[in-house]
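A.B. asks: Structure of the sequence below:
(chains A, B and C)
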Amino acid sequence: MLEADNLECVRGERRLFAGVGFRLAAGELLFLQGRNGAGKTSLLRMLLGLLPPEQGEIRWHGEPIRALADDYRAALCYLGHLNAIKEELTPLENLLAAARLADEELAEDEALDALEQVGLAGREDLACKYLSQGQKRRVALARLVKEKRPLWILDEPFVALDAAAVEWLAKLISGHLQGGGLVVMTTHQPVNIPAGAVRELRLG
Amino acid sequence: MFKIILAVIGRDLKLALRRQADIVSALFFFVIVVSLFPLGVGPEPDLLRQLAPGVLWVAALLATMLSLPRLFADDFRDGTLEQLALAPHPLGLVVTGKVIAHWLVSGLPLALIAPVLGIQFDLSAEALAVLTLAILLGTPALSGIGAIGAALTLGLRGGGVLLSLLVLPLYIPVLIFGAGAVDATVSGLGGEGHLSLLIALTFAALGFAPWASAAALKIALE
Amino acid sequence: MKDRFNLYRFASPAVFYPLAGRMMPWFAAAAVIFGLAGLWLGMLVAPTDFQQGEGYRIIFIHVPASWMSMFIYLVMAFWAAIGLAFNTRLSGMMTAALAPTGALMAFLSLWTGAFWGKPMWGTWWVWDARLTSELILLFLYIGFLALTAAIDDVRRADKAGALLLLVGVVNVPIIYFSVKWWNTLHQGSSVNFAKSSMAETMLWGMLLMALCFWMYAIAVALARVRVIMLERERHTDWARAELARAGAEA
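C.D. replies: Residues are numbered from 1 along each chain as shown, chains lettered A, B, ... in the order given. A predicted model of the protein is given here:
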């Protein structure tokens, strides 16, 4: 479903990587590994279509993602190391606004349910600036609960989470894989994803 | 298409209302700059009447500049801008929504308070009406053109000063026609010609600027 | 690089660098020759203007500088469009190489305009439509230079600068006509530099000086683009070889 061929990345004057390629089918997970500065985040940004590769091509269902444009973006969900939540809005407002801006249907009770699953029940009407770092991260993760898009691209999703939350997220990711979804992610922590075929790609 | 524009406007207005201090301080900046001029040039009513359109317009340009750096910077810092760029619709539409929201909280209040300041400069009722109308019609162009500068300077050191350097020269036509409309009314020539050119500038800016800004945002997000 | 068409070959720095080096002396020599001829015609041969006296001779610098300042902006916008459309590295280097010369020309035009204005109008500065437009053009050049200088990553600097140039080039006519309109409305002095009753020798002098400025701009831009190329490509094999060769000669 997701294929990358012969990707080359140049940042500033340095060539971070070249000749990188992979194939990922439905239900598969791709772990991106490599030391700091090896170009993991740059590769993710290429897969998102934000950073045009110096060389090479990325295809989704056999079509170049540049040509698919909006159709490709409608198939992917991205969670970066930034939470993309607004401090002034409440968790509930954040979730609803994010869904509306991403052109997704999300009813209010679905959003409340998602917040309850990430352990934020009772805090849905408190402005996010009063939440702790870990709680803010959970607001960002709540987006994934009702996410129906097939391709998830996750940049360090386990950062700032406690052990219970790590386990919960690992389960959520395996559920997505079992449902035929694809996941590309980077992580520094060794995490056990119970289901799905795991591939690894080492950069640098 | 309108759904996404409305969604962006709704979100940005909600955020602006939770941070009213920003709107109010830009407005007071406008009031203070305009009030400084009589102190600088003296209180003769004839002179003030002549200066009023230019002074109010230059102050309006500066007040708009004040709020521009934050147009994309907050969304950029907290990662929301990436999510907006990844949403399955053209980024230009998102920027259109943000420009309209920016105008509603920056240009519109300026237009509403301008007649009060015009009275300080002893403008006639007719001139006041044209001045308000001109600021109302011209400020959307300021928000639109400013968005390009805000997107180009996103995340740069000294972004705010650089932004004014890039954007203020591009504001000159709006300044000329905006202040010219009032001058023409006062001198009895009628300001309709100026006002229709202002409308043309605003439509051109709103049609063209969001797409140029979107291209600049994509460069900043690479 | 796929060789889709030939432009790519010349757009490659390794090919363009030696080519620019070979062309540069010719343009520089042409600038000197045209300049000497133009100055001789303009300063010695052309008759004294019966209205403006000897002071008018500054137009032999002023008019070509104004022309070049506008022309260079258009050339930069052209390179910017090429750069954004085909993603060629050369175009960003060309705009970066041309910008200082363009800004210099705009500044020169304003400076000589002021020198001309003092004896003619009795004042250094008049809010004449042309002078005002030239001033705004200088602001646009400064904006471009400031923006590209503020961005550390050269790729982003090239792209952002190119976008700014395209926005600027769309705006330049609008700015020009609005300033012109503003000028007629306020009945400012609108003395024209170029009188229609120009003597033939004056016209020739001006054309020669324009050619001189043109050649100068090309020569300087080529010299500058060579330096920019070496700086940006210092990690590549051809640039290393070039630097080693230059080091051995010195």
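
A.B. asks: C:Ala221 contacts C:Met94, correct?
C.D. replies: Yes: applying Cβ atoms under 8 Å, one finds C:Ala221 in contact with C:Met94, separated by 7.2 Å. C-betas here are computed from N, CA, C, even on glycine.

A.B. asks: Taking chain A, what residue is nearest to chain B?
C.D. replies: A:Leu82 (2.7 Å; Cβ to the nearest Cβ).

A.B. asks: tell me the mean pLDDT over stretch A:72-84?
C.D. replies: Across stretch A:72-84, pLDDT averages out at 89.

A.B. asks: Equivalent analysis for stretch A:33-44, please.
C.D. replies: 86.

A.B. asks: ditto for stretch B:18-30
C.D. replies: The model assigns stretch B:18-30 a mean pLDDT of 90.

A.B. asks: Near C:Thr123, how many other residues are there?
C.D. replies: 10 (other Cβ atoms under 10 Å in any protein chain shown).

A.B. asks: Please report the distance of it from A:Leu7.
C.D. replies: Separation of C:Thr123 from A:Leu7 (Cβ to Cβ, to the nearest Å) stands at 63 Å.

A.B. asks: that older thread, tell me how many other residues crowd the residue of chain A closest to chain B.
C.D. replies: 16.

A.B. asks: Tally up the residues packed near B:Ala214, please.
C.D. replies: Using other Cβ under 10 Å, B:Ala214 has 22 neighbouring residues.

A.B. asks: typed the wrong thing, it's B:Val130
C.D. replies: B:Val130 is flanked by 26 other residues according to other Cβ under 10 Å.

A.B. asks: which ones are touching residue 197?
C.D. replies: I'll assume chain A. A:Gly27, A:Glu28, A:Leu29 (Cβ atoms under 8 Å, 6 or more residues apart in numbering or on different chains).

A.B. asks: Hmm, no, I was thinking of chain B.
C.D. replies: B:Phe177.

A.B. asks: Also C:Leu41?
C.D. replies: Contacts of C:Leu41 by Cβ under 8 Å, 6+ apart are C:Thr201, C:Trp204, C:Gly205, C:Leu208.

A.B. asks: Please give the element, helix or strand, for the closest residue to B:Pro109 other than its chain neighbours.
C.D. replies: The shortest distance from B:Pro109 to any non-neighbouring residue, by Cβ to Cβ, 6 or more residues apart in numbering or on different chains, is to B:Leu27 (5.2 Å). Assessed by DSSP states H and E, B:Leu27 sits inside helix B:20-41.

A.B. asks: Next, work out how far apart A:Val10 and A:Gly39 are.
C.D. replies: 10 Å.

A.B. asks: so how far is the first residue of stretch B:79-97 from its last?
C.D. replies: 18 Å (Cα to Cα, to the nearest Å).

A.B. asks: Kindly report the same for stretch C:42-61.
C.D. replies: So stretch C:42-61: terminal residues 10 Å apart, Cα to Cα.

A.B. asks: so who does residue 162 touch?
C.D. replies: With no chain named, the answer covers chain A. A:Gly134.

A.B. asks: wrong one, I was asking about chain C
C.D. replies: C:Ala162 neighbours (Cβ under 8 Å, 6+ apart): C:Trp79, C:Ala80, C:Ala81, C:Gly83, C:Leu84, C:Ser91, C:Gly92, C:Thr95.

A.B. asks: in whichever helix or strand it is part of, what counts as buried?
C.D. replies: Counting by DSSP H and E, the element that carries C:Ala162 is helix C:154-185. For helix C:154-185, the neighbour count (16 or more other Cβ atoms under 10 Å in any protein chain shown) marks C:154-169, C:171-172, C:174-176, C:178-183 as buried.

A.B. asks: Summarise which helices and strands the following helix or strand past it is packed against.
C.D. replies: Per DSSP H and E, helix C:154-185 leads on to helix C:200-232 as the next helix or strand towards the C-terminus. For helix C:200-232, the packing partners by 3 or more Cβ pairs under 8 Å, 6 or more residues apart in numbering or on different chains; DSSP states H and E come out as helix C:13-39, helix C:59-86, helix C:89-121, helix C:237-249.
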